[in-house]
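Enquirer: Structure for this input, please:
(4 chains)
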Protein chains: 2
Amino acid sequence: MVQEPDAERVAATRDRLVTPDEATRLADLFRLLGDATRARLLYALLEAGELCVCDLADAVEVTDTAVSHALRLLRTAGIVASRRAGRMIYYRLADAHVRMLLDLSREHMREER
Amino acid sequence: MVQEPDAERVAATRDRLVTPDEATRLADLFRLLGDATRARLLYALLEAGELCVCDLADAVEVTDTAVSHALRLLRTAGIVASRRAGRMIYYRLADAHVRMLLDLSREHMREER
DNA sequence: AGAACACCTGAAGAGCTATTCATATGTTCA
DNA sequence: TGAACATATGAATAGCTCTTCAGGTGTTCT
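Expert: Numbers count the residues shown, from 1 in each chain, chains lettered A, B, ... in the order given. Next comes the predicted model:
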């Protein structure tokens, strides 16, 4: 650790900063999006609205077991929601914020290069 | 792998889907935000505009070595940019998209609970 | 009831990642 | 020039994560 060239600004920044707790929750959210399989699942849901596990496995070209594991993480975190219809379970994005986040990020990606 | 209850919708979804390559790049971006230390660094920069490594280490309460490693990842990915001033190196968020992403996510977090 | 189906779960291993320690580079100032 | 400072880098280790495999639950249909 070293000295502070601008102690005031550092102090001011620390005050308005996201708390360590908030930062952890934010990082947790981002980490969940930070996997190619989960990202593809989420963007599939963003496009399709609602899909069952087998549809998702087919769209993303991953084992249904892997999809199931991935969805559990997303479900637990409240990023996706599910509904049962017969033997199938349909998944959807849980809220508008997540949709915006995914959309904005995709735009970012596409404008960059 | 199982059958497709709605083959048409799956096919349509797969077409408009983010490509595996795009998904990977998006996941790479999110993964970088998906660590509490890096998240705190980024939000510190979002608030302060520009900070040197020692300021950041102080604000986030992490070793300056750890900060340096974290910043290298963010720099390499084009998420932050740096400028040297004497022996100090000032970091800032690289573009407006990242700022929006961070801002939107924080709002999301704060509205949720 | 039993078979087929859609999905879930737990355990285990391979691979990745973050932090630390030791050391190196580049800069200022006396 | 040399000492002090700010930051960067490489190697190593501990911890986490994703996928797979094997088996389990709940549902439909005959």
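
Enquirer: List the contacts of the lengthiest helix in chain A.
Expert: In chain A, with assignment by DSSP state H, the single longest helix is helix A:96-112. With contacts defined as Cβ atoms under 8 Å, 6 or more residues apart in numbering or on different chains, helix A:96-112 is touched by A:33, A:42-43, A:46, A:79, A:93, B:18, B:22, B:25-26, B:29-30, B:78, B:97-98, B:100-101, B:104-105, B:107-108, B:111-112. In this view, the C-beta of every residue, glycine as well, is placed from N, C-alpha and C.

Enquirer: Helices of chain A, residue ranges please.
Expert: Counting by DSSP H, the helices of chain A are A:7-16, A:20-33, A:36-48, A:53-60, A:64-76, A:96-112.

Enquirer: What is the fourth one packed up against?
Expert: Right, the one you point to is helix A:53-60. helix A:36-48, helix A:64-76, strand A:88-93, helix B:7-16 (3 or more Cβ pairs under 8 Å, 6 or more residues apart in numbering or on different chains; DSSP states H and E).

Enquirer: Of those, flag the one that's most buried.
Expert: Highest mean neighbour count of these: helix A:36-48, a mean of 24 (counted as mean count of other Cβ atoms under 10 Å in any protein chain shown).

Enquirer: for that helix, packing partners?
Expert: Helix A:36-48 packs on helix A:20-33, helix A:53-60, helix A:64-76, strand A:88-93, helix A:96-112, helix B:7-16, helix B:20-33, going by 3+ Cβ pairs under 8 Å, 6+ apart.

Enquirer: Which of these sits closest to DNA strand D?
Expert: helix A:64-76 (4.2 Å; Cβ to the nearest atom of the strand).

Enquirer: pLDDT score assigned to the spatially most central residue of chain A?
Expert: Taking Cα atoms, centre = their mean, the centroid of chain A lies closest to residue A:33, which sits 3.5 Å from it. Residue A:33 carries a pLDDT value of 97.

Enquirer: possible to save the helices and strands packed on helix A:53-60 as JSON lines with mean pLDDT?
Expert: Listed next are those as JSON lines, based on pLDDT from 0 to 100:
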{"stretch": "helix A:36-48", "mean pLDDT": "97"}
{"stretch": "helix A:64-76", "mean pLDDT": "98"}
{"stretch": "strand A:88-93", "mean pLDDT": "98"}
{"stretch": "helix B:7-16", "mean pLDDT": "63"}
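
Enquirer: mind giving me TSV with the ones you listed and columns for distance to residue B:89?
Expert: Output for these, formatted as TSV (distance: least, Cβ to Cβ, whole Å):
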stretch	distance to residue B:89
helix A:36-48	32
helix A:64-76	37
strand A:88-93	40
helix B:7-16	43
